[in-house]
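Engineer: Got a predicted model here, sequence first, then my questions.
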Amino acid sequence: MAKTIQAVDVGAALDALRARRPLVQNITNYVAMTISANVLLALGASPAMVHALEEVEDFVAISDALVVNIGTLSPPWVEAMGRAVVAANEARKPWVLDPVGCGATPYRTGTSTELVGFRPAIIRGNASEIMSLAGATAEGPKGVDSAASSDAALDAARALARRTRAVVAVTGVVDYATDGTNAVRVEGGHPMMPLSTALGCSLSAVTAAFAAVTDPMTAAVAALAVFKVAGAEAAQRCRGPGHLPAELCDALHLMDAASLRKRAKIGPA
Amino acid sequence: MAKTIQAVDVGAALDALRARRPLVQNITNYVAMTISANVLLALGASPAMVHALEEVEDFVAISDALVVNIGTLSPPWVEAMGRAVVAANEARKPWVLDPVGCGATPYRTGTSTELVGFRPAIIRGNASEIMSLAGATAEGPKGVDSAASSDAALDAARALARRTRAVVAVTGVVDYATDGTNAVRVEGGHPMMPLSTALGCSLSAVTAAFAAVTDPMTAAVAALAVFKVAGAEAAQRCRGPGHLPAELCDALHLMDAASLRKRAKIGPA
Amino acid sequence: MAKTIQAVDVGAALDALRARRPLVQNITNYVAMTISANVLLALGASPAMVHALEEVEDFVAISDALVVNIGTLSPPWVEAMGRAVVAANEARKPWVLDPVGCGATPYRTGTSTELVGFRPAIIRGNASEIMSLAGATAEGPKGVDSAASSDAALDAARALARRTRAVVAVTGVVDYATDGTNAVRVEGGHPMMPLSTALGCSLSAVTAAFAAVTDPMTAAVAALAVFKVAGAEAAQRCRGPGHLPAELCDALHLMDAASLRKRAKIGPA
């Protein structure tokens, strides 16, 4: 039976990330690039955005983890994603899949489904994306936004985790992470978070950073907890979503393991 | 004769946008993507950035409106723009053209001219862009910035509207929207706004969001008024242009129909 | 012997930039586009992001300077870079090379090396990039971040400047600019600056803006000094790196030649 993750594990993961400063390769969408880089830097990781076929495998060789996000996919990028995940698997480096908009168009669903076959360590998506990827009957997404709650997607997440052997993280008002056997519930955050673009994409990048320093289940829960705690703290300083990305970076930068342990709301699903 | 738009119409359009939460497909430039998404989210719409040939038509089918912005154009994107606008027309969904830098290079002028032939509901540009697109004699633009005032472009805007049957919005110190017969003048804003990149592009995206819930002339005036009011409010909270995008998002998020009606400065041109 | 640059020269360069408002063409990476545009606007230049083969040379013809940054390079962009720098040389317009991640992959090192052959006026990089480009023995970079200090790269910078006849600027805790004979040291800044993505890329864009109004050595030192002064001022207003880009833009916008002359810390290397 898989272990249950607790706040103490999440605090230890943060310390490990800070000590290692992992180099995280991002093949991500145009909207998310800047905020993903800033979130990784603020937390204590080293980001790089590298996607050209001419170098994508060379860069995997020097990276500690990889995140593949299909938010603004196109054929040359999908080809690079394929090569990168094969290289990551061969080098035994963890990679995280963010299937943005899976279910919204056949191209997104097909690409996500194909990438899932390449053994991601972690899959992170919203409820609509995870339900679509799991093949569950779901109300269609609203473009790249979810039309379903994360609670409704938990069963699909478990099934997807069992089928793919990946840890599956489904995010929403409440977040869940599951390896198919155990499932962990993470609370916190703020309703304003979905009003600032690409924070979910940035969370996927953070998940990859944690995957460089700990096992996938701990990494997923640590990333969820860090974002829920920092997001809540950031939103308290905002009167609208405009300054949320900047405040989130500040909160991540100022967070330490002790405050994370104290504030993380982690429990069984 | 076309109707004259008043503050009350603009307030009603905002309420309609909030009620509908339209899904706005953006084929836009790399610089504008993040701020456009954040502006749409803050205002109450749902943005998606989708441009791959493999899915662009599928996404039009689920969107409520489309914005096509040529700011960082290249052949594959121009091809996707062409397919998207045809699909939008067939599905009777409104689309907005932002001819960034029209007049600066033959490639931009040619692409803009071709796209105009596909019946945009609204064309939104600065004075140099609108004058160039209308074929008016104009001082050349300074790259993607305008070298002319919006006042100087009003006749060109009217002519372009008559020829294309699109509503034409020309923005600057004062904004104008015209359907070729009537013309509306919108005042407000702040001189600092042109010092923050891609706010005009974001305004075009907002125009598309309004076009999903009302007629093109009301949509154009509503978008102009919302930006002039929110921009002025945002600039008052800034000592420089750095925080302007974040403050603009906050102002859009906190705006309600009553305050918009009260503060919008709309009159005949 | 080349002249030594002093604070008074840097102040004069800022006045010249504000008077000229140069149009700076950017062929840069996706992460840096928005912040580079905002930094240039805040300082008083006019930015444009133009990279399509179909227009890249046409745009050089109307620009005052060009920056080429390989941060998210791919073959079509590298081809556009090649055409743009040839056009810039033919039109006698200065161009700046930012060899992001040179040394991290063969593709980056090869592309940087090739571009260096096209006579950039200025090369701006971190220590690892400059050492790699100079062919010096160096500890490999950490992705796109430097693993070496700028002090360790000064000899490599001098050698690179002599070989290429470009001014070489190497940035870090302390910045240096050298034409191969003279070398200038610029102090200031803040340790938080590397925690906000693409500020180095934005600095390269600013270097190009100055190169439009003064000689390469003065331009490089002016850009370094402006960023060190504005960065220090910006960081004082921040509790973390989140608001640093916005504060930097405000500081650049509010800076005048007198305050720059007073605060710039420029001396012989």
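Structural biologist: Perfect, I can see it now.
Engineer: how about the helices in the stretch 151-269 of chain A?
Structural biologist: Under the criterion DSSP state H, counting those that start in this stretch, the stretch 151-269 of chain A contains helices at A:199-211, A:216-236, A:244-254, A:257-263.
Engineer: among those, which is the most enclosed?
Structural biologist: Counting by mean count of other C-beta atoms under 10 Å in any protein chain shown, helix A:199-211 has the highest mean neighbour count of the helices of the stretch 151-269 of chain A, with a mean of 29. In short, each C-beta sits where N, CA and C put it, glycine included.
Engineer: right, so of the helices of the stretch 151-269 of chain A, which gets closest to chain B?
Structural biologist: Of all those, it is helix A:244-254 that lies closest to chain B, at 6.8 Å by C-beta to the nearest C-beta.
Engineer: other SSEs contacting the closest one?
Structural biologist: helix A:33-43, helix A:199-211, helix A:216-236 (3 or more C-beta pairs under 8 Å, 6 or more residues apart in numbering or on different chains; DSSP states H and E).
Engineer: For it, what is the distance to the chain centroid?
Structural biologist: Relative to its chain's centre, helix A:244-254 lies at 17 Å (C-alpha atoms, centre = their mean, to the nearest Å).
Engineer: Not including adjacent chain positions, what is the nearest residue to residue A:81?
Structural biologist: In this structure, residue A:81 finds its nearest non-sequential neighbour in residue A:68, 4.9 Å apart by C-beta to C-beta, 6 or more residues apart in numbering or on different chains.
Engineer: make that residue A:99, sorry
Structural biologist: Residue A:99 sits nearest to residue A:112 (C-beta to C-beta, 6+ apart), 3.6 Å away.
Engineer: List the contacts of that neighbour.
Structural biologist: A:70, A:97, A:99, A:102, A:129, A:132-133 (C-beta atoms under 8 Å, 6 or more residues apart in numbering or on different chains).
Engineer: From these, which land in strands?
Structural biologist: Filtering these for membership in strands, criterion DSSP state E, returns residue A:97.
Engineer: quick one on the thing from earlier: show me the contacts for the residue nearest to residue A:81.
Structural biologist: By C-beta under 8 Å, 6+ apart, residue A:68 lies in contact with A:27-28, A:81, A:84-85, A:95-98, A:115, A:120.
Engineer: how close does residue A:178 get to residue A:67?
Structural biologist: To residue A:67, residue A:178 is 19 Å away according to C-beta to C-beta, to the nearest Å.
Engineer: between these two, who's got more neighbours?
Structural biologist: Legend: neighbour count by other C-beta atoms under 10 Å in any protein chain shown for residue A:178 and residue A:67, higher for residue A:67 (31 against 26).
Engineer: Pairing-wise in the sheet, spell out the partners of the more buried one.
Structural biologist: Residues in a beta bridge with residue A:67, per DSSP bridges, are residue A:26, residue A:96.
Engineer: and the stretch 1-150 of chain A, which of its residues are near chain B?
Structural biologist: Contacts of the stretch 1-150 of chain A with chain B, taken as C-beta under 8 Å from any C-beta of the partner chain, map to A:29-31, A:34-35, A:71-75, A:101, A:104-108, A:140, A:142-145.
Engineer: Swap in 6 Å and give it another go.
Structural biologist: A:30-31, A:72, A:74, A:105, A:107, A:142-145 (C-beta under 6 Å from any C-beta of the partner chain).
Engineer: Of those residues, which is the nearest to residue A:49?
Structural biologist: Of all the residues of the stretch 1-150 of chain A next to chain B, residue A:30 has the smallest distance to residue A:49: 9.9 Å, by C-beta to C-beta.
Engineer: helix, strand or coil for the closest one?
Structural biologist: Under DSSP: H, G, I helix; E, B strand; the rest coil, the three-state class of residue A:30 is coil.
Engineer: is it true that it touches residue A:72?
Structural biologist: Yes: using C-beta atoms under 6 Å, residue A:30 is in contact with residue A:72, at 4.9 Å.
Engineer: circling back to that earlier point, now, of the residues of the stretch 1-150 of chain A next to chain B, which are buried?
Structural biologist: The neighbour count (16 or more other C-beta atoms under 10 Å in any protein chain shown) marks A:30-31, A:72, A:74, A:105, A:107, A:142-145 as buried among those.
Engineer: which residues of the stretch 1-150 of chain A score low on pLDDT?
Structural biologist: Counting by pLDDT under 70, the low-confidence segments of the stretch 1-150 of chain A come to A:1-3, A:137-140.
Engineer: Please enumerate the helices of it.
Structural biologist: Going by DSSP H, counting those that start in this stretch, the stretch 1-150 of chain A shows helices at A:7-20, A:33-43, A:56-62, A:75-90, A:106-116, A:127-134, A:150-164.
Engineer: Reformat these as JSON lines; add distance to residue A:185.
Structural biologist: Listed next are the helices of the stretch 1-150 of chain A as JSON lines, based on distance: least, C-beta to C-beta, whole Å:
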{"stretch": "helix A:7-20", "distance to residue A:185": "13"}
{"stretch": "helix A:33-43", "distance to residue A:185": "22"}
{"stretch": "helix A:56-62", "distance to residue A:185": "33"}
{"stretch": "helix A:75-90", "distance to residue A:185": "29"}
{"stretch": "helix A:106-116", "distance to residue A:185": "24"}
{"stretch": "helix A:127-134", "distance to residue A:185": "14"}
{"stretch": "helix A:150-164", "distance to residue A:185": "9"}
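Engineer: And those: which comes nearest residue B:247?
Structural biologist: That would be, of the helices of the stretch 1-150 of chain A and by C-beta to C-beta, helix A:33-43, which comes in at 17.6 Å.
Engineer: CA atoms only for the closest one - export them in CSV, please.
Structural biologist: Taking Å, rounded to 0.1, in the frame of the first residue of the first chain, the C-alpha atoms of helix A:33-43 are listed here in CSV:
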residue,chain,number,x,y,z
MET,A,33,6.1,30.7,-20.2
THR,A,34,6.8,33.8,-18.3
ILE,A,35,4.8,33.1,-15.2
SER,A,36,6.0,29.5,-15.1
ALA,A,37,9.6,30.7,-15.2
ASN,A,38,9.0,33.3,-12.5
VAL,A,39,7.1,30.8,-10.2
LEU,A,40,10.0,28.3,-10.5
LEU,A,41,12.6,31.0,-9.8
ALA,A,42,10.6,32.4,-6.8
LEU,A,43,10.3,28.9,-5.3
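Engineer: neighbours of residue A:172, just the number please.
Structural biologist: So residue A:172, with other C-beta under 10 Å, has 20 neighbours.
Engineer: hang on, isn't it packed against residue A:152?
Structural biologist: No: counting by C-beta under 6 Å, residue A:172 stays clear of residue A:152, with 9.0 Å between them.
Engineer: okay, and the common contacts of the two?
Structural biologist: Taking C-beta atoms under 6 Å, 6 or more residues apart in numbering or on different chains as the contact rule, residue A:172 and residue A:152 both touch residue A:127.
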